[in-house]
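Undergrad: following is a predicted model, sequence given first.
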Amino acid sequence: QTQMQVSFGVIMLALVDGVPKVLSLKSMLGHYIEHQKEVITRRTKFELDKAEKRAHILEGYVIALDNIDEVIKIIRSSQTDKEAAEKLTSKFGLSKAQTDAILEMKLRRLTGLERDKIEAELKDRTKNNKRYMIERHVLPYLGKKKMNEVTPSDIIAWQNEIRSKNYSESYMRMLQNQVTAVFIHAQKIYNLANNPCRKVKKIGKSDVRRLEFWTLDEYKQFISTFDKGTRGFVMFEILFWTGCREGEMLALTKKDIDLENQKLHITKTAYRVKGEDVITTPKTEESIRIVDIPKFLCDEIAEFYESLYEFPEDELLFPVSARAVETMMDRHIVKAGVKKIATHSIRHSSCAYLIKQGIPPMVIKERLGHKDIKVTLNTYGHLYPSEQKKVTDMMDTEGNHVESCPHSKQMIWLTLDTVPEQYDILRVYN
């Protein structure tokens, strides 16, 4: 026989906006639901933003492939990258991000052989996102007019409506880019006479978000909330001390980690699409790399291995989703009492730590797997301390040394004695 009723005590104490409060069951559930709404909204916006940025670059690649001969001609005839970028923007209506991506791409990739791959990636990542943006933010305002009837004033009216929604600067710029791309496509394929977007200033800004990261002390406070040797502890230790991307970490197997030689081999990345785990090549060719890892990290990984009984060499060490990693991280951020950052920002934190230690940008570029040093400098350059004071101090030291040298004139005389006869003015000075 079982009890018909059970009573037990619950302390309904929780932090509400940073203030401890005793809540009723209804209030507790209400605050939890609101918190989950906020978490899901932030995560969705982040994933949407990331996918749309990638889609924007892929669209630029498709335009380049459609006009490959002319693109290569422009690049080769330009004296500088700036000149090439201006010509590409003027000719094809590309954004700065698109022209930068095209100019950084190796010429051998600017061929029709890559087209299917690029279009497939564009379709997988962005079709639904683009449809949502057009249907939600464009068609309600411009959808009743034919494209050749849309005027610059219509575009300005649409921009004002978008501004009134209080979207982020980067999201408004993405919406603007979608509308511009539609008109460019109509000009190119359907001979639309005028593009009203060209006569109107764009709304929003690209890449305006502040780079967030932890200091070493903040990271240590965060990681101290984990038990050593656990899967979560090792995952975040790898993320911070190697600077690898989250997907690269999730794709690791025992084969990829050479504990004896302290090497981490990054050759693949993992992500989830429609509930299915996908393992593929990393973000760029340069992302395939070997990262040196410290002895203490090797010891921590070896301790984690001890909990894996007869674990296959080619099995994923961390068979969890990115969402599970984020949830775990959020939970331990609360425990540690540190500021909230995204999982990807641990990579920024790793870079900030290396910069503070005086590591040169080229070494950081190779360790992080950036395709170009410009990516490293554009992303993290502001974190480097100014070297101007160091330069002037060096000059003062050298200047004082020359002035205090009692044999400085003798040194000049000895040098001038060797001047060829044709330089008579120097010999007269001597």
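TA: That came through fine.

Undergrad: does Pro20 touch Leu13 like I think?
TA: Yes: contact between Pro20 and Leu13 holds when scored by Cβ atoms under 8 Å: they sit 6.1 Å apart. Where you see a C-beta, it was placed from the backbone N, CA and C, and this is true even at glycine.

Undergrad: what sits against the residue nearest to Lys263 when sequence neighbours are not counted?
TA: Closest residue in space to Lys263, ignoring its immediate chain neighbours: Ile290 at 5.4 Å, by Cβ to Cβ, 6 or more residues apart in numbering. Taking Cβ atoms under 8 Å, 6 or more residues apart in numbering, we find Ile290 in contact with Lys263, Leu264, His265, Ile266.

Undergrad: mind listing the helices for the stretch 51-200 of the chain?
TA: Assigned by DSSP state H, counting those that start in this stretch, the stretch 51-200 of the chain shows helices spanning 68-77, 81-92, 96-104, 115-133, 139-142, 152-163, 169-190.

Undergrad: show me what the longest one is packed up against.
TA: What that stands for is helix 169-190. Helices and strands touching helix 169-190, by 3 or more Cβ pairs under 8 Å, 6 or more residues apart in numbering; DSSP states H and E, are helix 25-66, helix 115-133, helix 152-163.

Undergrad: quick check: next helix or strand after it?
TA: Of the helices and strands lying after helix 169-190 in sequence (DSSP states H and E), the nearest is helix 216-223.

Undergrad: tell me the secondary structure at the nearest residue to Thr242 once chain neighbours are set aside.
TA: Closest residue in space to Thr242, ignoring its immediate chain neighbours: Val291 at 5.0 Å, by Cβ to Cβ, 6+ apart. Here Val291 is recorded as strand under DSSP: H, G, I helix; E, B strand; the rest coil.

Undergrad: contacting residues for Val291?
TA: For Val291, the contact set (Cβ under 8 Å, 6+ apart) comprises Thr242, Gly243, Cys244, Lys263, Leu264, Ile266, Arg367.

Undergrad: which of these has the largest number of neighbours?
TA: Within the contacts of Val291, neighbour counts (other Cβ atoms under 10 Å) peak at Cys244, which reaches 27 neighbours.

Undergrad: so it, which of the three states?
TA: When classified by three-state DSSP, Cys244 comes out as coil.

Undergrad: does it touch Cys351 like I think?
TA: No: using Cβ under 8 Å, Cys244 makes no contact with Cys351, being 11.5 Å away.

Undergrad: which pLDDT value belongs to the nearest residue to Glu70 once chain neighbours are set aside?
TA: Leaving aside its sequence neighbours, Glu70 sits nearest to Lys91 (Cβ to Cβ, 6+ apart; 7.3 Å). For Lys91, the pLDDT comes out at 83.

Undergrad: number of residues surrounding Lys91?
TA: Here the number of neighbours of Lys91 (other Cβ under 10 Å) works out to 13.

Undergrad: now it: how far from Glu34?
TA: Applying Cβ to Cβ, to the nearest Å, the value for Lys91 to Glu34 is 50 Å.

Undergrad: same question, Asp277
TA: 31 Å.

Undergrad: same deal with Tyr271?
TA: The gap separating Tyr271 from Glu34 is 29 Å, by Cβ to Cβ.

Undergrad: angle of whichever helix or strand Val375 is part of against helix 96-104?
TA: Element membership of Val375 [criterion: DSSP H and E] is helix 373-380. Helix 373-380 and helix 96-104 are oriented at 150 degrees to each other (axes from the mean of the first three to the mean of the last three Cα atoms, to 10 degrees).

Undergrad: which residues does helix 373-380 contact?
TA: Outside helix 373-380, the residues within contact range by Cβ under 8 Å, 6+ apart are 100, 104, 211, 348, 351-352, 355, 361-362, 364-365, 368, 370.
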